[in-house]
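> Just a sequence and a predicted model for now, questions to come.
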Amino acid sequence: MHAFSARIPHHAAATRALAVAAGALMLASCAVGPNFSSPPAPDVAGYTPEKLQSPGTDPGGPRVAKQRFVNGADIPTRWWAAFRSVPLNDLIRLSVERNPSLQSAEAAIKVANFNALAQRGLFFPQVGANYTASRQLVSNAVSGPGNTAQDEYSLHTAQLNISFVPDVWGENIRNVENLDAVTEQAQFQLEAAYLTLSANVVTAAIQEASLRGQIAATERIIKIERDILGILKNQFDAGQAAQVDVLAQEAALAQSEQTLPPLQKQLAIQRDLLTALAGQFSADEILQKFDLARLALPANPPVSLPSTLVAQRPDVRAAEASLHSASALVGVAIAARLPNFVISANPGSTAFNAAQLFTPGTLFYTIAGSATQTVFDGFTLYHKQKAAEAALDQANAQYRQAVITAFQNVADALRSLQADARSVQAAIKAENAAKASVDIIQKQLVLGQVNQVIVLTAQQVYLNAAITRVQAVATRLSDTAALFMALGGGWPTDCPTSDWRSCVFETRVASKT
């Protein structure tokens with residue numbers, strides 16, 4: 001050691017030796033545990049057993065809006081624009097800007113990212129510094145025989161505390177890999193929150209439009225029933241109708257009027273929901289209003305390929321990131337069972353006054369290395385490794401379940417849309433027939449050609465048919481939105497593969513402004 005310190009100053013020697021040793025150990029390090037690779041896309045050709053068919057209608061039935069599935073097409077980034085509603089576009093933009101759920105998800109990404117950056121600090125030596133100044137008086141009892149004067153002096157010590165844990169087995173590499181995967185998972189959870197929010201706004205807007213349509217249909221029926229009641233009262237006054245017929249019509253009118261307040265209550269609650277989704281208090285109600293006449297049915301909904309679905313569904317990608325995290329934690333558990341190496345150094349200087357610090361003869365250093373290995377711990381580390389391996393199996397099963405659920409959601413949406421077209425057509429046909437029947441019966445009633453039972457039956461049939469038609473149209477719109485959501489929403493198409501994750505995240509944040 002003296003020969004070495006003759007060539008290099010003592011404090012520099014300690015630092016250089018530590019760096020050389022650390023570098024050698026880092027070069028020799030390896031990461032134990034499984035190396036993660038993304039699961040392959042499912043080997044399936046479609047979402048349904050049969051070839052995908054676009055929704056069909058009866059050629060002889062009423063005309064309804066047509067839809068044609070575009071197989072293999074990309075989902076637009078702002079898919080809700082396909083409904084061609086300016087108020088809907090404005091409300092989604094407002095919701096993305098103000099909704100706290102997105103802000104919470106963005107903060108979660110920052111938490112995960114800073115934790116990952118903090119873990120990277122363990123790749124470097126940890127350096128601390130301390131300075132100690134003391135004043136000491138030596139007792140005569142210990143100063144030596146014949147020495148009657150007490151010695152009093154000051155002592156100043158400046159020292160660095162350097163420690164380094166070489167990542168010989170890659171434990172820190174796996175820890176960083178785990179935290180990077182957690183960050184990635186948080187980013188996909190943000191994407192899922194973004195998709196869920198936009199889909200909820202679209203669905204809630206369609207429901208508001210449906211309620212307005214049901215209220216309008218109910219008000220039309222109430223008007224017809226009031227007109228019929230007026231006819232019956234005139235006939236009763238003229239002795240052409242019985243009082244029981246008038247009373248029966250009044251009861252029918254009251255029943256129809258009774259259905260109106262619940263619909264109005266649902267509409268008010270729906271407005272509160274849309275206002276909350278926009279990140280506003282209920283007293284500060286949104287300005288946008290929706291009705292079915294101003295919501296267009298997307299004519300050519302895209303259906304992405306199955307191989308694209310697993311790369312586009314944010315919940316599937318989040319499950320993949322969770323699988324990656326579990327894989328890295330297996331490596332962490334394995335490394336914890338292997339020997340641990342620590343290198344430490346304490347260079348410094350000590351002198352009787354501060355001015356003499358770091359002058360020749362005052363420098364000192366200590367370099368030490370240690371290795372520790374658990375000999376017996378009651379199989380604690382062994383069982384922790386087994387727990388990590390079981391967690392990896394669990395994450396793998398959860399990922400496969402997420403993929404299966406994604407395919408199920410798409411298949412359900414496709415099946416629903418295939419049935420919706422015929423449902424809307426049948427509902428329009430039923431409403432038209434019921435309305436025509438009411439019109440004829442109303443004319444016959446004036447001539448006294450029908451009894452009250454037929455009138456009441458026709459009114460109830462028309463009311464039910466009108467409400468059913470509104471609900472069928474709204475269901476078709478909602479199921480179209482469900483298809484966009486099941487397919488994972490839209491991703492930016494201009495993001496490079498090498499930096500796809502960050503590009504998507506930045507584009508989503510930028511879209512808020």
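That came through, no problem.
> alpha carbons only for contacts and neighbour counts from here, please
Fine.
> What strand or helix carries residue 458?
helix 452-486 (DSSP states H and E).
> what packs against that helix?
Here helix 452-486 touches helix 171-237, helix 243-277, helix 380-446, going by 3 or more C-alpha pairs under 8 Å, 6 or more residues apart in numbering; DSSP states H and E.
> Can you check what angle separates it from helix 380-446?
Interaxial angle of helix 452-486 relative to helix 380-446 (axes from the mean of the first three to the mean of the last three C-alpha atoms, to 10 degrees): 150 degrees.
> Quick one: mean pLDDT for helix 452-486?
Per-residue pLDDT over helix 452-486 has a mean of 92.
> now that helix: how far from the chain's centre is it?
Centre-to-centre, helix 452-486 and its host chain are 33 Å apart (C-alpha atoms, centre = their mean, to the nearest Å).
> buried residues in it?
452, 455-456, 458-486 (16 or more other C-alpha atoms under 10 Å).
> closest one to residue 306 among the helices and strands packed on helix 452-486?
helix 380-446 (7.9 Å; C-alpha to C-alpha).
> rewinding a little: just the helices and strands packed on helix 452-486: most buried one?
Among the helices and strands packed on helix 452-486, ranked by average contacts under mean count of other C-alpha atoms under 10 Å, first place goes to helix 171-237 (a mean of 22).
> That one - contacts with which helices or strands?
Checking 3+ C-alpha pairs under 8 Å, 6+ apart, helix 171-237 ends up next to helix 86-98, helix 100-120, helix 243-277, helix 314-335, helix 380-446, helix 452-486, helix 500-511.
> Repeat the analysis, applying 7 Å as the threshold.
Identification of packing neighbours for helix 171-237 by 3 or more C-alpha pairs under 7 Å, 6 or more residues apart in numbering; DSSP states H and E yields helix 100-120, helix 243-277, helix 314-335, helix 452-486.
> what angle separates it from helix 86-98?
Using the same axes, to 10 degrees: helix 171-237 against helix 86-98 is 140 degrees.
> ok, the closest residue to residue 398 other than its chain neighbours to residue 306 distance?
Closest residue to residue 398 apart from its sequence neighbours, by C-alpha to C-alpha, 6 or more residues apart in numbering: residue 319 at 6.9 Å. As judged by C-alpha to C-alpha, to the nearest Å, residue 319 and residue 306 stand 17 Å apart.
> Dump the helices and strands packed on helix 171-237 to TSV, plus distance to residue 438.
Putting those into TSV (distance: least, C-alpha to C-alpha, whole Å) gives the following:
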stretch	distance to residue 438
helix 100-120	50
helix 243-277	14
helix 314-335	51
helix 452-486	6
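> Looking at these, which is nearest to residue 346?
Judged by C-alpha to C-alpha, the one of the helices and strands packed on helix 171-237 that comes nearest to residue 346 is helix 100-120, at 23.4 Å.
> pull the CA atoms of that closest one into PDB?
Provided in PDB are the C-alpha atoms of helix 100-120 (Å, rounded to 0.1, in the frame of the first residue of the first chain):
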ATOM      1  CA  PRO A 100     -59.700  14.300 -12.700                       C
ATOM      2  CA  SER A 101     -59.400  10.600 -13.600                       C
ATOM      3  CA  LEU A 102     -57.000  11.500 -16.400                       C
ATOM      4  CA  GLN A 103     -55.000  13.800 -14.200                       C
ATOM      5  CA  SER A 104     -54.700  11.100 -11.600                       C
ATOM      6  CA  ALA A 105     -53.500   8.600 -14.300                       C
ATOM      7  CA  GLU A 106     -51.000  11.100 -15.500                       C
ATOM      8  CA  ALA A 107     -49.700  11.600 -12.000                       C
ATOM      9  CA  ALA A 108     -49.400   7.800 -11.500                       C
ATOM     10  CA  ILE A 109     -47.100   7.800 -14.600                       C
ATOM     11  CA  LYS A 110     -44.800  10.400 -13.000                       C
ATOM     12  CA  VAL A 111     -44.700   8.400  -9.700                       C
ATOM     13  CA  ALA A 112     -43.700   5.200 -11.500                       C
ATOM     14  CA  ASN A 113     -41.200   7.000 -13.700                       C
ATOM     15  CA  PHE A 114     -39.400   8.800 -10.900                       C
ATOM     16  CA  ASN A 115     -39.300   5.500  -8.900                       C
ATOM     17  CA  ALA A 116     -37.500   3.900 -11.900                       C
ATOM     18  CA  LEU A 117     -35.100   6.800 -12.200                       C
ATOM     19  CA  ALA A 118     -34.300   6.500  -8.400                       C
ATOM     20  CA  GLN A 119     -33.600   2.800  -8.800                       C
ATOM     21  CA  ARG A 120     -31.000   3.600 -11.500                       C
END
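> Could you spell out the sheet neighbours of the helix or strand following that helix, each with its direction?
The element immediately downstream of helix 100-120 (helix or strand, assigned by DSSP H and E) is strand 126-137. If you go by DSSP bridges, strand 126-137 pairs up with strand 152-164 (antiparallel).
> Just give me how far the strand it pairs with sits from the chain centre.
Relative to the centre of its chain, strand 152-164 is centred 52 Å away, using C-alpha atoms, centre = their mean.
> next one: stretch 469-487
Chain-centre distance of stretch 469-487: 22 Å, with C-alpha atoms, centre = their mean.
> same question, stretch 162-177
Centroid separation between stretch 162-177 and its chain, computed with C-alpha atoms, centre = their mean, is 32 Å.
> my guess is residue 203 meets residue 480, correct?
No. Contact between residue 203 and residue 480 fails when scored by C-alpha atoms under 7 Å: they sit 9.7 Å apart.
> what stretches of the stretch 51-200 of the chain score poorly on pLDDT?
Counting by pLDDT under 70, the stretch 51-200 of the chain has low-confidence residues at 140-150.
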